[in-house]
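Novice: structure for the following, please:
(chains A and B, ligands or ions: 1)
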Amino acid sequence: MKLEIDRRPLWVILLIRSFRPAFFLAIGLLFFYLINLPTPDGLTIQGQRAIALFAVCLILWVTEALPLAITSLMAIVLVALLDVLDKRTTYALFGNEAVFFILGAFILSGAVMHSGLSNRIALAIMSRFGGTPRGLLASIFFLAAALSFFMSEHAVAAMLFPIVLEIARGLNLKPGKSNYAKSLFLALAWGCIIGGVATFLGGARVPLAVGMLKEATGITIGFFEYTSMVFPTVMILLFIGYFGLTRFFRQDIPDIHLAKAVFEGKLKELGKIGYVEYAVGILMGITIFFWIFLGKTIGIAGIAIISVVALFILKLVRWKDIEEYVNWGVILMYGGAITLGASMEKSGAAAWMANAVIGDWANNPLLVIAILSLLTILLTEGMSNAAVIAVLLPVGIGMAGKFHIDTKTIAYAIAVPAGLAFCFPMSTPANAIAVSSGYITTRDMAKAGIAMMVLAWLVFNLTARFYWPMIGIRL
Amino acid sequence: MKKTNTYLHNPGYLKIELMLKGVRVDGKVLKKAGFDKCRDVANIACGLDIILPHNTWVTAPYAQDFVNDSPYELIEKDGGFFITDGNKSVKVSIAPIPEFYRLKTTSGVQLSKIGLVHGGYVAITPATQCDFFNKDIECRYCAGNLDINKGKGTVYTVEDVLETVEAAYKEGKAEVVYLSIGFSETADGGVEFLKPYIRAIKKHFNTLVAVEALPPKENKWIDETYAIGADSVLYNLEIFDPKLFEEICPGRAALIGRKRYLDALKYAATVFPSGTVASHLIVGLEPIESTVEGIDFLAGMGVVPILPVYRPSPRAKLPHYKTPSTEVVAPVYGYLYRAVTANKINISWVRDISVVTTPLEGRFFIDDNARVKTFVQNFYKSRLGLKAAWSLATLRRKLRVKVSSRE
Ligand code: SF4
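Specialist: Below you'll find the predicted structure:
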């Protein structure tokens, strides 16, 4: 714990401190005002209340004046209290499939990490393909991406970070100076970010979007269906990312024989592969198989939870080991966002807002996708990606109805770019972890990240324009 | 007893006179005042707490031999007490010996061993030890109360200290709890040791806490001192003249250094509220000009100089130093009052100290009745004022202290 004494004049401190109560008071007044406005034509009273609540949550999610999870809990309670939806429906929405899928995915990914399997795979791949500077860079980048197909990208970044850090130290790279070190840490971050949007497993935001969509409209998106829609985007971005990393940061190291020692030392530390690692690996393989081929029939949450139960039956983990990997805050946040999203849709507020906010000018589906994806990719740089989804998806769903666009495409247009935050450490934990190494500065990250962000947006929209129709998506 | 000029008319002068020369008192009067003959005359507590006009507190020696030469006598007339010089007299009151002195803690320690009341505050030294003695570099004027040679002194438990504060608090004698600690060779200057005491006192009582310690090596400990609940801090430089500082305070000079004292005080003055950071400069151990220079220097940094007058004690190792006369000392207090006022330092904190003349009492030596300042100080002594001071100090701490989880 670090202690600091604020030695500024007391009036300055008081002024700053009074900002928070004033801020909450203003939010309260805004809420009161919105609720008491005359209900506009075409909007029900429930819809008006949902919009007032949505506005308050939007401010709180964007500013993070309250923890995201607490704002979400407040949203759930207020949806019921304001009679936007009846109590039964409101609280039932929290128990939706996406929430249980996320919970299962946290536990499974925790088990993989705890067993040491992911670490072993990472080291083995790096040691096998990382013989040259480029080979090592590629193996970190693609490995981070590939692992993020199956585990939370944040967990992958956290897992690979100490290895990359040791490599950088082992190679005596200068923090803040070495181009090669910069590219290594950026490879780690970008690999996780790009890989993280490929499947439901890379981050909890895709299940969130899918859950919100399902609760609001009844439409479902399957595990395989999602991946087949976004895979080209991911592949192209991986290619561009690798190209960018090798071009942006001119290689300033002739060979990397010193890194070999790091891998060997670490692998030695791990010892030989044990029963738990085998078993967890097999169980994970089976789970993914079921998600892909039976996800629609059995339900992805059901598969995840059954696998979790199997983990414990086989005594592969203890609850104590897993607890630290389960982010309950995220689970609460998602439950609340889904409930609020559904209440917006069911009360007619989403459609009304799309009408009122967007008007008639965005009458082309591709334009709607371009605008939504641009808005998402910009917002996600500054705010939590889940919050971006919670804020934009209800409006997006309303727009889909208004312009008769396939609602699923709207979900993609928001869920995918929400994960593509390349520019700043605060945008996503993978970036923050890379900058925390001291080898890459925020400035370096922003310079390369802005270019990557623009390219990512273009690639996503081009995929939507040319690839989606090929697989039968009606725009 | 030889006849000399007396200062009955001026409480400021009279306070100095009584502190330096003491007061004669007849056994019967002493009994009426509720006192006994002091057993240990070297003890700082061995004095009569007298309240002079204008609510001026003084602890006057009465049992020591030198008192026989004092021109002042405490007499009793018609149920009241007076200080007389044989011709004139002035009405005073005697602060009774605190009741709690007679009590013991649950663990059996006499409360008067732990806490001593001096005017408006109760002084507690939780560990009676100063490591300077173990290295033979103790301050040369030191009365040696903390001289526990080559061994650990008594360490009172937090519970013992709490019981003492509670008893004093109930009697209204703990407006301020004054915790002091001798030198120990730790980087924190004793803050870590005092922490549980300060925390416990703050947790249980709405009282202010002053800490007298040695400057810590790093400023973060000063932050810590404030953050854990100290409302005031004293790092006593004692001697401003650099050379004399080294001679008279060899331990402080060698293990802490004059520069660190001044740096720590300067920093503390930016952390603690105005008027709550103080440093002693002993009048009589260096030329008056040097003391005056010290007053200017400290006041310029926002630190309150507190000026005790040197009085040789049997254990002091300064054979050539004598107590300075009232005539020499008085103008220095006048100067002190002007210096703190000019530097806009709040002087209501350092008040009701019976063993030293406070900055506000310096007004008695110049032509200033300091009505507003006196009013403010009197307000802070009232029940409402004490509550207000405590609440403001707590609020200020809440606003200023930031704790983050990152290292
Ligand atoms: S610091 Fe100096 S004055 Fe204080 S107890 Fe130690 S030796 Fe005595």
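Novice: switch to C-alpha atoms for all contacts and neighbour counts from now on
Specialist: Fine.
Novice: and B:Leu116, that's in a helix?
Specialist: No: assessed with DSSP: H, G, I helix; E, B strand; the rest coil, B:Leu116 is strand; it does not lie in a helix.
Novice: touching, it and B:Val122? I think so.
Specialist: Yes: the pair B:Leu116 and B:Val122 passes the contact test of C-alpha atoms under 8 Å, sitting 5.4 Å apart.
Novice: can you get me the start-to-end distance on stretch A:408-425?
Specialist: Start and end residues of stretch A:408-425 are separated by 30 Å (C-alpha to C-alpha, to the nearest Å).
Novice: same question, stretch A:416-429
Specialist: Calculated as C-alpha to C-alpha, the first-to-last residue distance of stretch A:416-429 is 17 Å.
Novice: and it, how far from the chain's centre?
Specialist: 8 Å (C-alpha atoms, centre = their mean, to the nearest Å).
Novice: cool, and stretch A:426-435?
Specialist: The answer for stretch A:426-435 is 12 Å, by C-alpha atoms, centre = their mean.
Novice: that one near chain B anywhere?
Specialist: No: Stretch A:426-435 is not in contact with chain B by C-alpha under 8 Å from any C-alpha of the partner chain; minimum separation 14.9 Å.
Novice: got the contact list for that stretch?
Specialist: Contact with stretch A:426-435 is made by A:153-154, A:157-158, A:161, A:185-186, A:188-190, A:192-193, A:380-385, A:421-425, A:440-442, as judged by C-alpha atoms under 8 Å, 6 or more residues apart in numbering or on different chains.
Novice: phi, psi of the residue of the stretch 301-450 of chain A at minimum distance from chain B?
Specialist: Closest to chain B within the stretch 301-450 of chain A is A:Ser436: 13.1 Å, counting by C-alpha to the nearest C-alpha. The phi and psi torsions at A:Ser436 (degrees, to the nearest 10) take the values phi -60, psi -20.
Novice: state the number of residues packed around it.
Specialist: Residues near A:Ser436, counting by other C-alpha atoms under 10 Å in any protein chain shown, number 15.
Novice: quick check: pLDDT value at it.
Specialist: Listed pLDDT for A:Ser436 reads 82.
Novice: how close does it get to B:Leu392?
Specialist: Distance from A:Ser436 to B:Leu392, by C-alpha to C-alpha: 40 Å.
Novice: now A:Leu81
Specialist: Applying C-alpha to C-alpha to A:Leu81 and B:Leu392 gives a distance of 40 Å.
Novice: could you list the low-pLDDT ranges of the stretch 1-150 of chain B?
Specialist: For the stretch 1-150 of chain B, the stretches with pLDDT under 70 are B:1-5, B:36-45, B:144-150.
Novice: where along it do the helices fall?
Specialist: B:11-21, B:27-32, B:111-114 (DSSP state H, counting those that start in this stretch).
Novice: which parts of the helix or strand where A:Trp11 lies are buried?
Specialist: Assigned by DSSP states H and E, A:Trp11 belongs to helix A:10-36. For helix A:10-36, a neighbour-count test (16 or more other C-alpha atoms under 10 Å in any protein chain shown) marks A:Ile13, A:Ile27, A:Leu30, A:Phe31, A:Leu34, A:Ile35 as buried.
Novice: where in the stretch 301-407 of chain B is pLDDT low?
Specialist: In the stretch 301-407 of chain B, residues with pLDDT under 70: B:404-407.
Novice: and the helices in it, which stretches?
Specialist: B:326-342, B:371-381, B:383-400.
Novice: so chain B: which segments form each domain?
Specialist: Chain B breaks down into these domains under automatic domain parsing: B:11-94, B:99-393.
Novice: looking at those domains, which is closest to A:Leu245?
Specialist: Of all the domains of chain B, domain B:99-393 sits nearest to A:Leu245, with 43.0 Å by C-alpha to C-alpha.
Novice: and that closest one with chain A, contact?
Specialist: Yes: judged by C-alpha under 8 Å from any C-alpha, domain B:99-393 comes into contact with chain A at B:Asp223, B:Glu224, B:Ala227, B:Thr270, B:Val271.
Novice: could you look up the SS state of the fourth one?
Specialist: The three-state assignment at B:Thr270 reads helix, by three-state DSSP.
Novice: what's the closest non-adjacent residue to it?
Specialist: A:Arg7 (6.7 Å; C-alpha to C-alpha, 6 or more residues apart in numbering or on different chains).
Novice: tell me the secondary structure for that neighbour?
Specialist: Following three-state DSSP, the label given to A:Arg7 is coil.
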